[in-house]
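Asks: Attaching a predicted model along with its sequence, questions to come.
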2 protein chains.
Amino acid sequence: MKVVIELHSVIARVLQIIRRSKDPLSKTDIAAESGLSLSAVNDHIERLISDKLIIISEIGNSSGGRKPRLYALNKDAGHVISIELGASSVQFAICDFDCNLKFSDRASIELGQGPDEVLEQIYRRISSLMEMNRISKTSIKGIGIGIPSPVEFISGLPISPPIMPGWDRYPIRDFWAKYFDCPCYVDNDVNIMALGEHAKGLNFEVDNLIYIKIGSGIGAGIISHGQLYRGSNGSAGDIGHIDVGSDVLCWCGNRGCLEAIAGGKALTAKAKELASSGHSSFLMETLKEKNDITLKDIRAAIQQPDPLSVELIRDSGATIGRVIASLVNFFNPSLISIGGSVSEFGDIFLASLRQGVYQRSLPLATRDLRINKSTLGRPAGLIGGAFMTISQLIVNSTDSDTDTVLERKQSHL
Amino acid sequence: MKVVIELHSVIARVLQIIRRSKDPLSKTDIAAESGLSLSAVNDHIERLISDKLIIISEIGNSSGGRKPRLYALNKDAGHVISIELGASSVQFAICDFDCNLKFSDRASIELGQGPDEVLEQIYRRISSLMEMNRISKTSIKGIGIGIPSPVEFISGLPISPPIMPGWDRYPIRDFWAKYFDCPCYVDNDVNIMALGEHAKGLNFEVDNLIYIKIGSGIGAGIISHGQLYRGSNGSAGDIGHIDVGSDVLCWCGNRGCLEAIAGGKALTAKAKELASSGHSSFLMETLKEKNDITLKDIRAAIQQPDPLSVELIRDSGATIGRVIASLVNFFNPSLISIGGSVSEFGDIFLASLRQGVYQRSLPLATRDLRINKSTLGRPAGLIGGAFMTISQLIVNSTDSDTDTVLERKQSHL
């Protein structure tokens, strides 16, 4: 991690500045933002243009002299494949270099079939998506995968994944190297959602945010100092097992874990109890009819409204809000972005969650705090996977080319 | 914040690389670490030498050709004053550019007397320390102050300080500008302790750490990606009011705040109860004798050992440990560094705290986690104040000199 963040070469920094800007930039803008001399910026721009990584996007306004050229990322520099693995399904997309999802699809999977079988299925689906849309293999410059597991980012290995039996330390990168002649990067699923939200949902407008995914489990992705924060073992954001002081047993062996009380799985289990016991007649009817209760059914119950289902969702929001309050005191972010299927419960859920946060957070820490539903919603992960992949491509390609870059610069001196 | 971190010029980066290195560096080392060309490094080194900010510290080993020169920070480039304000006392020091405390002293203060009176007292004490040691005003290049309050770092203003009546938004920097012709920087006290511990206690060997000060209150300082993390309003690390699920009323108006249960003030209050009720005969004797019980008295009781005092400290450690467990799940640091007067309770306290952490943290998040007493101990704040000040001097001086630096570079092209 340290190497990647601190040692990337100056040309990568220039490209990142251009890429992270909402609007095209002039050389003067880039010099100001990077602290480099105009002549150094000139060299780098020349190189990036010749590598087709940036384009002259338009001619800017002049303050007297010649109108300046403005530079932007070349979104057609190539394609990347972005894959988001879930507990029971996979989403995948072919993206351009500006993280637009050009073609995408999804499929059901069974993680328990193990990595070889599952990845092979995904490869076949992606192959046909590419074929159908005439995307050549050579245009694919990188592959990014988000998985529901802690990940050692530097090696791309899943580490002790609780819901991916058979995947522990499986070399996912090597699998893709069999089929594609480009690098593959693996990250935690909530991390890439946070990245996507930060880069494309929010255009980097906040420097510190916590993205919280409330699905069947609960996890967080952290942006700190404008960068994704993965922690020392890649497990940062694993908030599902924070103690909320209850007796409920969690699958992890502890009692009172947040996700055992307030996650999607806990909600459907509680709804089934309300149905079986006959406390909620609406849920009882649903259970009788479908022999199961899903989050979608609870959403339908809330629409009725079925008061006990509303209470269920309110309690979940309040519990999650109290935990977020602790995180807000500790981390003082400017934004809490809420994603995942439970966030679809809408205003009732979000209002209870906000109430929990404001009740227990310090006034100063919430002074400018916003708590919103994710702007990107569902595609956050795929977009973030593409973003992460292209960031890594930039850092690594320029790292390996350092000699050439230095030679060029020296030849100008 | 963004400006300072992202826009500082290339020469500042070179100086920071030299400064953060434990050993002197050659130009080749610096080029590798910065991604700059050797000729650019050459220019910067020349400039830094002529500005007396670095020195040629030694001649390195040769791998064949001419032996390379090694560069290091010039610790005698000037002095900085570091001040750490506490609830009832102030520490201050005159430091060299390598953050060594050359001369230091402390004094009692009464924060409630208001900023004008208190700062005037401190100024007088520092003046006589300087006079006594023949430190000239012109050698003072910067002043750094840590205060027990959230701070808006960019302006140096205390924001809604709970234990500093009359200090809200007081312009501390302007006060010092009356007496010294150099910049002044203000930061939260626990932030500068974390900085000191990270820079000088640990030589930057970890990238992600939480420094926890357990004094009369409880606060944390966060190092993320190798940099101090202040949060969006400067209130990051304010963990004293995290809910631990109890009925005890805190001064903040909420119930069950961590510091109301486990902080130093809570401990002495509980010890007094044990004394008055006669449950602990040892504490009862102490109270009768001194008409008060301090943390020092509790420490003496533990030495006896007085079982109820031991239990008190164990409970405090366990409660703090459970909160740290949540932070470890969220932040996955490689180190928790414990400072402040309560940390002086030694192994009994630390063992209970560790137990609380390990019981509730995810195994992956604690795989490489160390939980240690601060290596620097008490001087962490003064050292960190000096470190913070010199970092800011480097960033700001080179920013304002950017034109000159650029001109120089261009004249070489």
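Replies: In hand now; what should we look at?

Asks: Need the phi and psi values for the residue nearest to the spatial centre of chain A.
Replies: Residue closest to the average C-alpha location in chain A (C-alpha atoms, centre = their mean): residue A:193, at 1.7 Å. Dihedral angles of residue A:193 (phi, psi; degrees, to the nearest 10) stand at phi -60, psi -40.

Asks: List the contacts of it.
Replies: Going by C-beta atoms under 8 Å, 6 or more residues apart in numbering or on different chains, residue A:193 touches A:146, A:211, A:213, A:221, A:339, A:374, A:380-381, A:384. C-beta: built from backbone N, CA, C; applies to glycine.

Asks: now do 10 Å
Replies: If you count contacts by C-beta atoms under 10 Å, 6 or more residues apart in numbering or on different chains, residue A:193 has them with A:84, A:146, A:201, A:211-213, A:219-221, A:337, A:339-340, A:374, A:376, A:378-385.

Asks: again with residue A:19
Replies: A:53-54, A:72-73, A:75, A:97-99, A:199, A:387, A:390-391, A:394.

Asks: and if we set it to 6 Å?
Replies: Applying C-beta atoms under 6 Å, 6 or more residues apart in numbering or on different chains, we find residue A:19 in contact with residue A:73.

Asks: how near is it to chain B?
Replies: Separation of residue A:19 from chain B (C-beta to the nearest C-beta, to the nearest Å): 14 Å.

Asks: what helix or strand is that residue on?
Replies: Using DSSP states H and E, residue A:19 sits in helix A:10-20.

Asks: report the angle between the axes of that helix and helix B:10-20?
Replies: Using axes from the mean of the first three to the mean of the last three C-alpha atoms, to 10 degrees, the interaxial angle of helix A:10-20 with respect to helix B:10-20 works out to 120 degrees.

Asks: before we move on, the earlier item: just the pLDDT at the residue nearest to the centre of chain A, thanks.
Replies: Note on residue A:193: pLDDT of 98.

Asks: are any of the contacts of residue A:193 buried, and which?
Replies: Those of the contacts of residue A:193 that meet the buried threshold are A:84, A:146, A:201, A:211-213, A:219-221, A:337, A:339-340, A:374, A:376, A:378-385, by 16 or more other C-beta atoms under 10 Å in any protein chain shown.

Asks: can you tell me how far residue A:82 sits from residue A:132?
Replies: Applying C-beta to C-beta, to the nearest Å, the value for residue A:82 to residue A:132 is 17 Å.

Asks: now residue A:10
Replies: Counting by C-beta to C-beta, the gap from residue A:10 to residue A:132 is 41 Å.

Asks: The longest helix seen in chain A and chain B, are they touching?
Replies: The residue-count maximum for a helix in chain A (DSSP state H) belongs to helix A:307-331. Yes. Interface with chain B: helix A:307-331 contributes A:326-327, A:329-331 (C-beta under 6 Å from any C-beta of the partner chain).

Asks: For the stretch 251-400 of chain A, give me the ranges with low pLDDT.
Replies: For the stretch 251-400 of chain A, residues meeting the criterion pLDDT under 70 lie at A:397-400.

Asks: Now for residue A:178, how many residues are close by?
Replies: The tally of other residues near residue A:178 (other C-beta atoms under 10 Å in any protein chain shown) stands at 9.

Asks: what sits against residue A:152?
Replies: Counting by C-beta under 6 Å, 6+ apart, residue A:152 touches A:159, A:234.

Asks: same thing but at 10 Å, please
Replies: A:1, A:158-159, A:169, A:186, A:230, A:233-235, B:364.

Asks: Select from the residues you listed every entry located in strands.
Replies: Residues of those located in strands (DSSP state E): A:158, A:186.

Asks: And the furthest pair within the contacts of residue A:152?
Replies: A:1 and A:169 (18.3 Å; C-beta to C-beta).

Asks: Show me which of those two is the more surrounded one.
Replies: The neighbour comparison of residue A:1 against residue A:169 (other C-beta under 10 Å) goes to residue A:1, with 17 against 12.

Asks: In the stretch 101-250 of chain A, what residue comes closest to chain B?
Replies: The minimum distance from the stretch 101-250 of chain A to chain B, using C-beta to the nearest C-beta, falls at residue A:231 (2.7 Å).

Asks: list the contacts for the residue nearest to that residue when sequence neighbours are not counted?
Replies: In this structure, residue A:231 finds its nearest non-sequential neighbour in residue B:332, 2.7 Å apart by C-beta to C-beta, 6 or more residues apart in numbering or on different chains. Residues in contact with residue B:332 (C-beta under 10 Å, 6+ apart) are A:150, A:222, A:229-238, B:208, B:361-362, B:364-369.

Asks: What of residue A:239?
Replies: Neighbouring residues of residue A:239 by C-beta under 10 Å, 6+ apart: A:190, A:210, A:212-213, A:217-220, A:222, A:257-259, A:320, A:323-324, A:326-327, B:326, B:329-331, B:362.
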